[in-house]
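[1] Any chance you could fold what I've pasted below:
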Amino acid sequence: MRKFNGGIWAVRASAITLLCGAVTVVLLGQTAADQRPSPVFILLATFAGPNGAYPVGGMTQGPDGNIYGTTEEGGAGEQYGYGTVFKVSPSGVQTVIHEFDLSDGDWPSSALVLGTDADFYGTTLYGGANSQYGTAFKITPSGTFTMLHDFNGKDGYFPYGGVIQGTDGNFYGTTSSGGAYENGNVYKMTPAGVVTVLYSFSCSLSDCPDGEEPVGGLVQANDGNFYGTTEKGGGANFDGTVFRITPGGTLTTIHSFEGRDGDDPAAALVQGNDGDLYGTTEGGGSNDISYGTVFKITLDGQLTSLYSFTNGKDGAYLVAPLIQGSDGNFYGTANEGGAYGQGTVFEITPEGAVTVLHSFDREDGREPYAPVFQATNGALYGTAYIGGARAGGTAFSISTGLGPFVRAVPTVGVVGAPASILGTNLTGATGVTFNGVPASFTIASKTLIKATVPAGATTGSVEVARPNRSLSSNVAFQVLP
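    The predicted structure is shown next:
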């Protein structure tokens, strides 16, 4: 796995900088949008030891409208520290809200997830009482930290993919190693931190049909099952798998990669508005040299390759998941390639037309291992792992002309379940509907509404009515039976 090569762990430093400017869009074949304003790239922050270093997990919008993320190193600990949790305002003001001290975790390498209680949940790759297996934690937007679980090896170690919150209120994730066969686990964790192993990857049969090293984490689809990838195993070429696992722990491999359709899928999947899953691979593809792919796959395992990267202006080596934007297109990052060979941010339509939105040039960052995400103001936010003024990584935004919207957290639920609705200027909201069905709600702040999935709701858009303009959700809310 390329993210664990020797150079990626080198010690870096940085400082905070602000920069704004337009960037040139590189169009590859059919454009993702025929007419639109040029993307505007803003460098929000660069990282140094005290304020963190190496932001690999990506960022998440909080209930207060700020952007939250983690750095693998930095903080006030020994030498360069054990990592941080930070927030950045949309204007670029950065604040560290937690510094890890090894006993509560080390190297937080996954994105935070916002729970229905409006607190964040995440994992660290190392640390804890065992000092090596990793931890799971929660943290409030104000920085109150609670370590929920200390992995012990039998329940897995190296929980690189982070957690997601299921429709039952529990959290689900993967460990890339450990477990009964040392090949990784799928686990369930209660909000109090009690972990149950749902499946241990064995890789015990010929060609390793169930795969090994599930580094990317999970997504819960609208059928109630969880889907994920393993980076290795799944056939004679050992190129990785896509799997489905029920909440009860029954695992089925629905696709085994063979190189031409991709290999080393190291990122989580995302379910599109069409119900299919979309993902990336670090290598493989239809080119003579393998630089990675974007694919879609149905819930029953029918895979379609959408695009093969060339290591040219489009980029190379995809280790981060995609997100679906409010325009229906998908957005992602390539770890290398682009105009300067330092990585790209790209847009891809559901049909596979790619537009490069930004090429990194070292000064504004390099090696963007993390995904981008779209905040409710319409802009994309992300991080580059290294680079910047003093090479410790950067945080940035890209505006592409997309307007504001609202986001439901989570995006899947049952009737009667709570849902947080994030947005901007929500204090004057007069109504909330789930696919047209009115819901009870409380305005918690100008950026947060607390709602309940109403009886009679079906899968569709969440809409918040305001006096001047109504806002709709960027993805459909999936109502489970």
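[2] Where does the prediction get shaky in the chain?
    Applying pLDDT under 70 to the predicted model, the residue ranges of the chain that meet it are 1-36, 77-80, 131, 288.
[3] now the farthest one out in it, which residue is it?
    Within the chain, residue 467 marks the point farthest from the mean C-alpha position, 33.4 Å out by C-alpha atoms, centre = their mean.
[4] Which residue, other than its chain neighbours, is closest to that residue?
    Residue nearest to residue 467 in three dimensions, not counting chain neighbours: residue 428, with 5.4 Å by C-beta to C-beta, 6 or more residues apart in numbering. The C-beta positions use only the backbone N, C-alpha and C, and glycine is treated the same way.
[5] got it, and residue 420?
    Counting by C-beta to C-beta, 6+ apart, residue 420 lies nearest to residue 409, which is 4.4 Å off, once chain neighbours are set aside.
[6] that older thread, assess the claim that the residue farthest from the centre of the chain and residue 431 are in contact.
    No: under the criterion of C-beta atoms under 8 Å, residue 467 lies out of contact with residue 431, with a separation of 10.9 Å.
[7] before we move on, back to that, state the distance from the residue farthest from the centre of the chain to residue 430.
    Between residue 467 and residue 430 the distance is 7 Å, computed by C-beta to C-beta, to the nearest Å.
[8] try residue 406
    In terms of C-beta to C-beta, residue 406 sits 14 Å off from residue 430.
[9] same question, residue 291
    Counting by C-beta to C-beta - residue 291 and residue 430 are separated by 50 Å.
[10] More neighbours: these two, which one.
    A direct count of neighbours by other C-beta atoms under 10 Å for residue 291 and residue 430 places residue 291 higher, at 25 against 9.
[11] Which parts of this protein belong to which domain?
    Using automatic domain parsing, the domain ranges for the chain come out as 2-399, 407-480.
[12] Ends of the shortest one, what's the gap?
    Domain 407-480 has its terminal residues 18 Å apart, counting by C-alpha to C-alpha, to the nearest Å.
[13] How far away from the center of its chain is it?
    Centroid separation between domain 407-480 and its chain, computed with C-alpha atoms, centre = their mean, to the nearest Å, is 22 Å.
[14] same check, this time on stretch 82-101
    Taking C-alpha atoms, centre = their mean, the mean C-alpha location of stretch 82-101 is offset from the chain mean by 18 Å.
[15] any idea how far residue 240 lies from residue 445?
    Using C-beta to C-beta, residue 240 is found at 42 Å from residue 445.
[16] quick one: which of these two has more around it?
    For residue 240 against residue 445, the residue with the higher neighbour count under other C-beta under 10 Å is residue 240, and the figures read 31 against 13.
[17] Quick check: that one touching residue 281?
    Yes: the criterion here is C-beta under 8 Å, and residue 240 meets it with residue 281 at 7.2 Å.
[18] Please enumerate the shared neighbours of the two.
    When contacts are counted by C-beta atoms under 8 Å, 6 or more residues apart in numbering, the set common to residue 240 and residue 281 consists of 257, 262, 263, 264, 265.
[19] which ones among these are found in strands?
    The strands, defined by DSSP state E, take in nothing from the shared contacts of residue 240 and residue 281.
[20] Mind telling me what element residue 191 is part of?
    For residue 191, there is no helix or strand it lies in under DSSP states H and E.
[21] So it is in contact with residue 166, correct?
    No: between residue 191 and residue 166 there is no contact under C-beta under 8 Å: 11.0 Å.
[22] now the end-to-end length of stretch 417-436.
    Across stretch 417-436, the straight-line distance between its terminal residues is 17 Å, by C-alpha to C-alpha.
[23] go on, stretch 221-237?
    One end of stretch 221-237 to the other measures 28 Å (C-alpha to C-alpha).
[24] Look up the closest residue to residue 417, ignoring the ones flanking it.
    Excluding its sequence neighbours, the residue lying closest to residue 417 (C-beta to C-beta, 6+ apart) is residue 453, at 5.0 Å.
[25] Look up how far residue 439 lies from the one you found.
    Distance from residue 453 to residue 439, counting by C-beta to C-beta: 7 Å.
[26] what's the answer for residue 387, then?
    Distance of residue 387 to residue 439, given as C-beta to C-beta: 44 Å.
[27] higher neighbour count, those two?
    Taking other C-beta under 10 Å, residue 387 and residue 439 do not tie; residue 387 has more neighbours (25 against 19).
[28] ok, and the closest non-adjacent residue to the more buried one?
    In space, and not counting its chain neighbours, residue 387 is closest to residue 366: 3.6 Å by C-beta to C-beta, 6+ apart.
[29] Pop out the phi and psi values for the one you found.
    phi -160, psi 160 (degrees, to the nearest 10).
[30] so who does it touch?
    342, 343, 360, 384, 385, 386, 387.
[31] Repeat that for residue 90.
    Shown here is residue 90, whose contacts under the criterion C-beta under 8 Å, 6+ apart are 65, 66, 67, 375, 377, 379, 397.
[32] Out of those residues, which end up buried?
    Those of those that meet the buried threshold are 65, 66, 67, 375, 377, 379, 397, by 16 or more other C-beta atoms under 10 Å.
[33] of the residues you listed, closest to residue 474?
    Lowest distance from residue 474 to the buried ones among the contacts of residue 90 (C-beta to C-beta) belongs to residue 375, with 10.0 Å.
[34] Tell me the bridge partners for the residue lying closest to residue 315 once chain neighbours are set aside.
    Of all residues beyond its chain neighbours, the one nearest residue 315 is residue 334 (2.5 Å), with distances taken as C-beta to C-beta, 6+ apart. Beta-bridge partners of residue 334, counted by DSSP bridges, are residue 344.
[35] ok, which stretches of the stretch 1-150 of the chain are strands?
    Taking DSSP state E, counting those that start in this stretch as the test, the strands found in the stretch 1-150 of the chain are 19-22, 26-28, 40-46, 59-61, 67-71, 84-88, 94-99, 113-114, 120-124, 135-139, 145-150.
[36] actually the stretch 351-481 of the chain, not the one I typed
    All strands of the stretch 351-481 of the chain, identified by DSSP E, counting those that start in this stretch, fall at 354-359, 373-374, 380-384, 394-399, 407-409, 412-414, 418-422, 431-434, 437-438, 441-445, 448-452, 462-465, 471-472, 478-480.
[37] Run me through the strand neighbours of the second one, direction for each.
    According to DSSP bridges, strand 373-374 forms sheet pairs with strand 380-384 (antiparallel).
[38] tell me which residues of the strand it pairs with are tucked away?
    Buried residues in strand 380-384, counted by 16+ other C-beta under 10 Å: 380, 381, 382, 383, 384.
[39] Please identify which of those residues is nearest to residue 204.
    Proximity of those to residue 204, judged by C-beta to C-beta, is greatest for residue 383, which lies at 37.9 Å.
[40] Give me the nearest residue to the closest one, chain neighbours excluded.
    Using C-beta to C-beta, 6+ apart, the nearest residue to residue 383 is residue 55, at 3.9 Å.
[41] okay, now the one you found: neighbour count?
    By other C-beta under 10 Å, neighbour count at residue 55 equals 33.
[42] how much space between residue 85 and residue 253?
    Using C-beta to C-beta, which is the criterion applied here, residue 85 is 35 Å from residue 253.
[43] So between these two, which is more surrounded?
    Between residue 85 and residue 253, counted using other C-beta under 10 Å, residue 85 has the larger neighbour count: 26 against 18.
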